[in-house]
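Asks: please find the sequence and the predicted model below.
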Amino acid sequence: MSEHYRAFSFLCPTRLEFGVGAVQKTGGLARELGLSSVLLVSGSGPTSASEGYRSLVASLSDAGIAVDTYAAVTPDPDASQVRDCARLLTSGGHNAVVAYGGGSPMDCAKSAALCAANGKDILDFLYGKAAPGTPALPIVAVPTTAGTGSELSSAAVTTDRQAGKKLGYSHPSFFPRLAIVDPEVQASMPPAVTSATGMDALTHAVESFLSLGANPASDAINLACVRLIAGNLPKACRNGADLDARSGMALAAAMAGAAFSNTGLGMVHGFAHPVGALHGVAHGLANAVILPYVLAALRPATADRMAHLEAFFGPGPLHSSVAALNRELGVPSGLASLGIAEGQLEAIAADARTYRMRPRSPRAFTDDELTTLLHAAWAGDMAAAERV
Ligand SMILES: [Fe+2]
């Protein structure tokens, strides 16, 4: 049967409001959704002193929406933060969450919105002890980074500190009702955050495109995303005030979220989650370091698909182009440079073997192949990754 007639489904119910100054529309659009009292969730850093944050609060207040705040989300939020946030949602009688920040506040807000609606603990959902009977409270997402795509995705990641695990969870009601993507809000990101989060977005688009779950709709989105990122990420890192480059990255990151929600991801994320959970490495940086090695090992199985992506970079195989992009952005060439010892790799490999999206990988790596690949990514040995 022709490729075009293969059955698939594609879901993204989020209203995306894109553009410079879009943050000022948040209150009016939230009002249209019937929201009257919200919990504004943001990071514990200097976010709440930013101009974007002030614009957001002013916009919500001007629309007559009551705003309570939870501004204590740390990088890689854990179950206790989700609990605190859910408790505030319930005790305040709020009918929605508004997340302002990167993936951490957005994911924490999503998980809390689901827990508050169901009166359950996030760990019950993460470990399959309970299934949500009620959708999450409505979610409004205002991303300040161009990476996670949580603003347009059905996924949220929570860290279980006791178990040393980062666990992803997907639910249709995790798609925000409203995503406010305003490139100006992202212009103050420092270069290191721009590059790490941008490489997370690239990893989403590439893993989604190569996923066994890929379909014609996700393909169209992912090709656009990779083109935008290849053209704009180095520019956004060199000059953060370049609003064209920021716009390209903001769009690519958001749209890749919609794509991977429908396709799943792959083993770059399978490795990056334990690297983050066990060693505190920022998610985007972990993905950036690992991506070229996994691509090298996937190439024989996916050369035809990869050729579509290679067209957006210079000549040569995709893994070489991504490694060159990493060098340009100052990303280290191996996990050893991130302070991870060789003796710590087995714990990472053990977690990666259980990654929930492992079955979506376009190559069914054996456990031993995954271990060999991880060692190659640790040592910065591209030739070893090509031989896996
Ligand atoms: Fe990611």
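Replies: Thanks, I have the structure now.
Asks: ranking helices and strands of the chain by mean pLDDT, which lands last?
Replies: strand 165-170 (a mean of 94; mean pLDDT, DSSP states H and E).
Asks: need phi/psi at the residue nearest the centre of the chain.
Replies: Centroid-nearest residue in the chain: residue 148, 2.3 Å away (criterion: C-alpha atoms, centre = their mean). In terms of degrees, to the nearest 10, the main-chain angles of residue 148 are phi -60, psi -30.
Asks: by contact count, what packs against the least confident helix or strand of the chain?
Replies: Helices and strands touching strand 165-170, by 3 or more C-beta pairs under 8 Å, 6 or more residues apart in numbering; DSSP states H and E, are helix 122-126, strand 155-160, helix 267-279. C-beta here means a position set from N, CA and C on the backbone, and glycine is covered the same way.
Asks: out of those, which one sits most buried?
Replies: Across the helices and strands packed on strand 165-170, averaging neighbours per residue (mean count of other C-beta atoms under 10 Å) puts helix 267-279 on top, at a mean of 25.
Asks: show me how far that helix is from its chain's centre.
Replies: Distance of helix 267-279 from its chain centroid, counting by C-alpha atoms, centre = their mean, to the nearest Å, is 13 Å.
Asks: the following helix or strand past that helix: which residues count as buried?
Replies: Downstream of helix 267-279, the next assigned helix or strand under DSSP states H and E is helix 283-310. Residues of helix 283-310 classed as buried: 283-299, 302, 305-306, 309-310 (neighbour count, 16 or more other C-beta atoms under 10 Å).
Asks: following element in sequence after helix 283-310, please.
Replies: Downstream of helix 283-310 (by DSSP H and E), the next one is helix 318-329.
Asks: show me what counts as buried in that next one.
Replies: Judged by neighbour count (16+ other C-beta under 10 Å), helix 318-329 contains these buried residues: 318-323, 325-326, 329.
Asks: got the residue ranges for the helices in the stretch 101-250 of the chain?
Replies: Taking DSSP state H, counting those that start in this stretch to define them, one finds helices in the stretch 101-250 of the chain at 103-118, 122-126, 191-210, 216-238, 243-263.
Asks: could the ones you listed go into TSV alongside distance to residue 164 and mean pLDDT?
Replies: Conversion of these to TSV gives the following (distance: least, C-beta to C-beta, whole Å; pLDDT from 0 to 100):
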stretch	distance to residue 164	mean pLDDT
helix 103-118	18	98
helix 122-126	14	97
helix 191-210	21	98
helix 216-238	31	98
helix 243-263	25	98
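Asks: give me whichever of those is most buried.
Replies: Stretch with highest mean neighbour count among the helices of the stretch 101-250 of the chain: helix 103-118 (a mean of 28; mean count of other C-beta under 10 Å).
Asks: that one to strand 165-170, inter-axis angle?
Replies: Here the directions of helix 103-118 and strand 165-170 differ by 60 degrees (axes from the mean of the first three to the mean of the last three C-alpha atoms, to 10 degrees).
Asks: of all the helices of the stretch 101-250 of the chain, which one is nearest residue 139?
Replies: The closest of the helices of the stretch 101-250 of the chain to residue 139 is helix 103-118. By C-beta to C-beta, the value is 5.5 Å.
Asks: between that closest one and helix 283-310, how many degrees?
Replies: 100 degrees.
Asks: do I have it right that residue 293 meets residue 370?
Replies: No: the pair residue 293 and residue 370 does not pass the contact test of C-beta atoms under 8 Å, sitting 11.2 Å apart.
Asks: quick one: low-confidence parts of this protein?
Replies: Counting by pLDDT under 70, the chain contains low-confidence residues at 1-4.
Asks: domain ranges for it?
Replies: Under the assignment automatic domain parsing, the domains of the chain span 15-186, 191-387.
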